[in-house]
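**Student:** build me a model from this:
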Amino acid sequence: MVSLACLLLAVAACHGDRTPPTSPTPTPIPGEAYTLSFRLLHSASGDVGSNFTRTVNGSGQVSIRIPDLGVAGVDPLRAVAVELLPLGSPLGRIGVFITSTRNGTLNFGNPGRDATYGIVLMSALNGTDYGCLDYCPTCYGTKPYRYATMRLAAEGEDVHGYRARAATDMPFRYAAELFSAAMRVPGLQFGSVDLVTAPTADITAAWADIPASGYGYRDAPVINFRFGDASSLQCPYVTCIPGMTPYEQNLRYAAYLAIHELAHTYLSAPDYDARPGCAPPSSGLLTCVLVSCPPPETDYPVLSPYGIDAIRYWALMNHRPPS
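**Tutor:** You can find the predicted model right below:
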């Protein structure tokens, strides 16, 4: 057990190879028509069971209005279109990002071939305000992996200039499992994070000694707290449980930090939403977008319904192949 050591929780990103394959985009042949096949998907309940086709040629485009689709329980303004992979594909049916809308109309250009797209309609069942989740549109499209791997740095490994220490992988594994479960809906998986034992991975997590002035920064967030020292507990932000030892309390707090940092590194989620009307549930703090603050649970954190919607939306918007 590690105790009374000043440690960091670091999550660093590097390129992986588990991005769903994307088809090359040929040059459209003038005068030739191509068929775009669409399947409607609900971000919370999966396949809606509705298919339709449209034809596009030349420099034309196909426009689809969300309110005209007749699907209940969805946001009328927001949807994300992805390439829909064949049944039995190794990485599931959700392929690369194609386009999205914030005004209720999806526009599809001519791909120069017949194509199959899935239109993911964003759930309105939890009252999620997707406008509050769109406060950093420039953050989207910065991560090439949808199905990510994560590893725990080995003892002695250099992680952004800090020496990794031997400690439990529990907070990282817990956060990864929460994210993967959130992105799983009936018959579909919008993404996943798998903790692996390997020398390389898309994301590297680490415990490491840092000075007391440690701070956080994008792509290698550093969170300074004393693992096993009750003086570092963040109460009542993370409700402390009577009877828990300082070590257990800090391990539980580390699970909150892992959720926060994985949202940065896997989803490129930004920290703050300062606009009026977006708090609660965001409260200007990323963790409070994903879990209830202060948390009502008396054990480890669980994602709120709003947080699950946020993870699904950010995953669909963010993960795109390298240009």
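**Student:** C-alpha from now on. contacts and neighbour counts both.
**Tutor:** Noted.
**Student:** now do the buried residues in stretch 155-162.
**Tutor:** Neighbour counts over stretch 155-162 (16 or more other C-alpha atoms under 10 Å) mark 159, 162 as buried.
**Student:** that stretch spans what distance, first to last residue?
**Tutor:** For stretch 155-162, the first-to-last residue distance is 11 Å (C-alpha to C-alpha, to the nearest Å).
**Student:** hey, where'd the helices end up in this protein?
**Tutor:** Per DSSP state H, the chain carries helices over the ranges 130-133, 170-182, 246-267, 286-290, 305-318.
**Student:** helices or strands next to the fourth one in the packing?
**Tutor:** Just to be clear, that refers to helix 286-290. helix 246-267, helix 305-318 (3 or more C-alpha pairs under 8 Å, 6 or more residues apart in numbering; DSSP states H and E).
**Student:** what's near enough to touch I64?
**Tutor:** 105-107 (C-alpha atoms under 8 Å, 6 or more residues apart in numbering).
**Student:** next, count neighbours for V48.
**Tutor:** A count of neighbours around V48, defined by other C-alpha atoms under 10 Å, yields 14.
**Student:** quick check, it in contact with L41.
**Tutor:** Yes - in terms of C-alpha atoms under 8 Å, V48 counts as a neighbour of L41; the distance is 5.3 Å.
**Student:** closest to E157 out of the helices and strands packed on helix 286-290?
**Tutor:** helix 246-267 (19.4 Å; C-alpha to C-alpha).
**Student:** helix 305-318 and that closest one, what's the angle between them?
**Tutor:** 40 degrees (axes from the mean of the first three to the mean of the last three C-alpha atoms, to 10 degrees).
**Student:** and helix 246-267, what's buried?
**Tutor:** Buried residues in helix 246-267 (16+ other C-alpha under 10 Å): 246-247, 249-267.
**Student:** what do you get for stretch 105-117?
**Tutor:** Residues of stretch 105-117 classed as buried by neighbour count (16+ other C-alpha under 10 Å): 105-106, 108-113, 115-117.
**Student:** returning to that earlier point: weakest of the helices and strands packed on helix 286-290 by average pLDDT?
**Tutor:** Looking at the helices and strands packed on helix 286-290, the lowest mean pLDDT belongs to helix 246-267 (a mean of 79).
**Student:** got the angle for that one vs helix 170-182?
**Tutor:** In terms of direction (the same axes, to 10 degrees), helix 246-267 departs from helix 170-182 by 50 degrees.
**Student:** I'm done for today, thanks for sticking with me.
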